[in-house]
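Asks: how would this look folded up:
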Amino acid sequence: INSTTPAVSASGFDDPNGIAIDSAHDRMFVSDRDNNRVLVFNLNADDTLIDDTADFVLGQADFNDVAAATTSTGLDNPNGLAYWHAPSDTQYLFVADYNNSRIIAYDVGSISNGEAAVAVIGQTSFTAALAGSPTQTSLVNPSDVTVDSVNNRLYVNDTKNNRVLAFDIATLTSTNMAAMAVIGQADYVTGTSGVSTTKVNEPAGLFYEAATETLFVSDTRNNRVLTFDASTIVDGSNNVAATHVLGQSIFTSNTASTTQSIMTNPEGLGYNPDNNMLFVAADGARVLVFDVASITDGENAVAVIGQLNFTDGTTGSTASALDAPIKVFFDTTNDDLYVSDSNNNRVLKFNFVTLSTTSISSSAQVSTAYTAPLTTASSQGTVSYEVVSGTMPTGLSLDATGVVGTPTVAGTYNFVVRAIDTIGSSGFRSNQQSYSIVVAAAPGGGGGGGGGSIPLCTDPLANNFNGQSICEYDPPM
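Replies: Numbering: from 1, shown residues only. The predicted model follows:
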């Protein structure tokens, strides 16, 4: 794992960049930037690598070729990748072909080595690589792509034009496709940079989160990550205002630093929907992890990968160090993070802690001790637990073993728990699990909310109502 030598083969990289996984068909795509190609790896049914040897290559005729080309079968410095299974059942791989200033689309339903692309965005033909003034149909050095599969949109970081373009790919055309919306500029013919809610400076990373319709953009030269409400983006949208900022405390700041809340030159983005964690490749030596369930401007990262603390930026080539991480991809099937460790010419996979206890004892009783052990997998540090939402029964708490204590109030309690794997200064959050506990009253009717016990009738004749013992009397409703 410590080897960093570049290679041209079916199992080597030279400056890897974009990563995408097609879970439905068990494949992983990696853009091998300086080898001017995309490698395709077949995966097992659980989306783990069968081996480290690629099964197919795009952009080259075979695994030994590396020449750059501006054709339907060639690439020149491929960057970000996005996989899309279209409603038409066509399977597309979009490639940000950086030096050719275009996005190439391959039909990957059935892959063959060196196959021809079926569409090009940003150019009028497959042999054009123009990089002139910005227009509604042109690109200059695009670095990343992401797909909104619900609304059939492709978002493109048009990096050197200081903007993000949105394309309606429900009507994907083979060449010269026009954008439907622009972010970072007030029109399609302006490409100036800036630092505000509506301006960006060489954006280099993208991720679209479907559940909240949030578009995350790495505004690289402004040393920040912006979020946009994609539900407001319609045909003709421009000058779209960001909703939140990470890496800076305000929208008009672009300070560069290496701290828990400030970053330098962020690029690739990944997202874990199970616990709303955003992964940001930044600073040339680390990946920051932000809890964005309820995002706040300039919030602190909750974890860092590649460093022992939030202020170190040392590069390395071990299993826990990085050198120029460029792109990241989170595999939701296995809770794995893939990082293209560019200068080390490798892709690293990180396993995160998972909370494997899916259910606990749902029955408890007031004044009776209760325990429910919780178990985790893939932890590397000290594991603790936290309640994310809901309410635990009064008298119960979480410790290093799970749920413990003695309930004091009867009732039904629903709550959500996740584990925290603390390594150095970081706390890596697990997936979340929902639990329910019904606390019964103590024997004899005791226990909060259940009312007091009924007094014994030691002398029924002395305590009667219309000749009936109050012990037997059932008042009318």
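Asks: By residue count, tell me the biggest strand in this protein.
Replies: Longest strand of the chain, by residue count under DSSP state E: strand 426-440.
Asks: strands paired with it, and their directions?
Replies: Using DSSP bridges, strand 426-440 pairs in its sheet with strand 363-365 (parallel), strand 411-423 (antiparallel).
Asks: Let me know the average pLDDT across that strand.
Replies: Computed over strand 426-440, the mean pLDDT rounds to 96.
Asks: going forward can the numbers begin at 644, since that is how I track them
Replies: Happy to do that; since the first residue is 644 now, the last one works out to strand 1069-1083.
Asks: which parts of it are buried?
Replies: Taking 16 or more other C-beta atoms under 10 Å as the neighbour-count basis, strand 1069-1083 is seen to contain the buried residues 1069, 1070, 1071, 1072, 1073, 1074, 1075, 1076, 1078, 1080, 1082. (C-beta placed from N, C-alpha, C; glycine too.)
Asks: Same question for stretch 786-794.
Replies: Using 16+ other C-beta under 10 Å as the test for burial, stretch 786-794 gives 786, 787, 788, 789, 790, 791, 794.
Asks: and the end-to-end length of that stretch?
Replies: One end of stretch 786-794 sits 22 Å from the other (C-alpha to C-alpha, to the nearest Å).
Asks: go on, stretch 824-840?
Replies: One end of stretch 824-840 to the other measures 16 Å (C-alpha to C-alpha).
Asks: contact partners of that stretch?
Replies: Contacting residues not belonging to stretch 824-840 are listed as 776-779, 783, 803-809, 822, 841-846, 858, 860, 864-865, 871, 876-885, 894-897 [C-beta atoms under 8 Å, 6 or more residues apart in numbering].
Asks: Tell me which entries of those residues lie within strands.
Replies: Among the contacts of stretch 824-840, the ones falling in strands (DSSP E) are 806, 807, 808, 809, 858, 860, 871.
Asks: Test of understanding: give the bridge partners of the last one.
Replies: When assigned by DSSP bridges, residue 871 has beta-bridge partners residue 858.
Asks: Tell me, how many residues neighbour it?
Replies: Neighbour count for residue 871, taken as other C-beta atoms under 10 Å: 24.
Asks: for the second one, same thing?
Replies: The number of residues packed near residue 807 is 29, by other C-beta under 10 Å.
Asks: tell me which residues form a beta bridge with it?
Replies: Each beta-bridge partner of residue 807 is listed here: residue 800, residue 826, as defined by DSSP bridges.
Asks: Isn't it up against residue 846?
Replies: Yes: in terms of C-beta atoms under 8 Å, residue 807 counts as a neighbour of residue 846; the distance is 6.0 Å.
Asks: Which neighbours do the two have in common?
Replies: With contacts taken as C-beta under 8 Å, 6+ apart, the residues that reach both residue 807 and residue 846 are 800, 827, 860.
Asks: ok, the first one - how many residues close by?
Replies: The reference is to residue 800. 33.
Asks: ditto for the last one
Replies: Here the neighbour count serves as a burial measure; for residue 860 (other C-beta under 10 Å) it reads 26.
Asks: Roughly how far does it sit from residue 923?
Replies: For residue 860, the distance to residue 923 equals 11 Å [C-beta to C-beta, to the nearest Å].
Asks: overlap in contacts of these two?
Replies: Residues touching both residue 860 and residue 923 (C-beta under 8 Å, 6+ apart) are 848, 868.
Asks: returning to what we had before: figure out which of the strands paired with strand 1069-1083 is closest to residue 754.
Replies: Across these, the minimum distance to residue 754, taken as C-beta to C-beta, is reached by strand 1054-1066, at 37.1 Å.
Asks: What are the buried residues along that closest one?
Replies: Under 16+ other C-beta under 10 Å, the buried positions of strand 1054-1066 are 1054, 1056, 1058, 1060, 1061, 1062, 1063, 1064, 1065, 1066.
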